[in-house]
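> just a sequence and a predicted model for now, questions to come.
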Amino acid sequence: MFINRVVVAASVLVAVGAALAPVASASPASTRCNAGTLTASLQNPDAGAGQRYAQFVVTNTSSGTCTLYGHGGFALVGAPTQLAWTSNPGASLVTLAPGQRAAMTLHWAAIPADDEAGDQCEPVAASAISIPPDETAPLSVGWPYGPVCQHGRMDASAYYRL
């Protein structure tokens, strides 16, 4: 009797395993986007009333889907950066298939603060780096937009899909 129960239990486990096997071999889940799966660029500069804007755009160059959630880091190389994260748009999960793009909007001032001397106001960076959310390796881009006034203060949105 005990052996019959073991045989029946084993048969049930084999049947369940066979039924679940296709689920276990389904396509792999997305992974977080990182410096190894993304390329970056600065695009769509805009200006008005002493304000400057640009999009930090990332493209998924991997062969699989990856995700971004929230804000990335951003810093000018060789110039001060005081980054503040904005809530417009707020953080949401952005899924990028191969070749798809996402961006965060950058905003900064072009008018010197009272205690900044001259039009240059701060040193001009030649490049900038950004670390994708929850990652540690940066992406690097050239910085063609001149000085960031108000002591390097910049605002950055969360990532959103383009």
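The structure has been received and is ready for your questions. Numbers count the residues shown, from 1 in each chain.
> make it CA atoms for all contacts and neighbour counts henceforth
Fine.
> who are the contact partners of the spatially closest residue to residue 92 that is not a sequence neighbour?
Using C-alpha to C-alpha, 6 or more residues apart in numbering and skipping the chain neighbours, the partner closest in space to residue 92 is residue 69 (5.6 Å). When contacts are counted by C-alpha atoms under 8 Å, 6 or more residues apart in numbering, residue 69 touches 91, 92, 93, 94, 133, 158, 159.
> got it, and residue 43?
54, 55, 56, 57.
> now pLDDT, distance to residue 48 and secondary structure too, for the residues you listed, in TSV please.
Output for the contacts of residue 43, formatted as TSV (pLDDT from 0 to 100; distance: C-alpha to C-alpha, whole Å; DSSP: H, G, I helix; E, B strand; the rest coil):
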residue	pLDDT	distance to residue 48	secondary structure
54	97	12	strand
55	97	15	strand
56	97	19	strand
57	98	21	strand
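> among those, which one sits closest to residue 39?
Proximity of those to residue 39, judged by C-alpha to C-alpha, is greatest for residue 57, which lies at 8.3 Å.
> phi first, then psi, for residue 108.
Main-chain torsions, residue 108, degrees, to the nearest 10: phi -150, psi 170.
> please identify the helix or strand for the residue nearest in space to the middle of the chain.
Residue closest to the mean C-alpha point of the chain, counted by C-alpha atoms, centre = their mean, is residue 132 at 3.8 Å. Using DSSP states H and E, residue 132 sits within no helix or strand.
> does it touch residue 74 like I think?
No: assessed by C-alpha atoms under 8 Å, residue 132 is found out of contact with residue 74, at 9.0 Å.
> show me what the residue nearest to residue 92 is bridged to.
For residue 69, the beta-bridge partners are residue 93 (DSSP bridges).
> per-residue pLDDT, it?
According to the prediction, residue 69 has pLDDT 96.
> circling back to that earlier point, got a winner among the contacts of residue 43 for most neighbours?
Of all the contacts of residue 43, residue 56 has the most neighbours under the rule other C-alpha atoms under 10 Å, reaching 23 neighbours.
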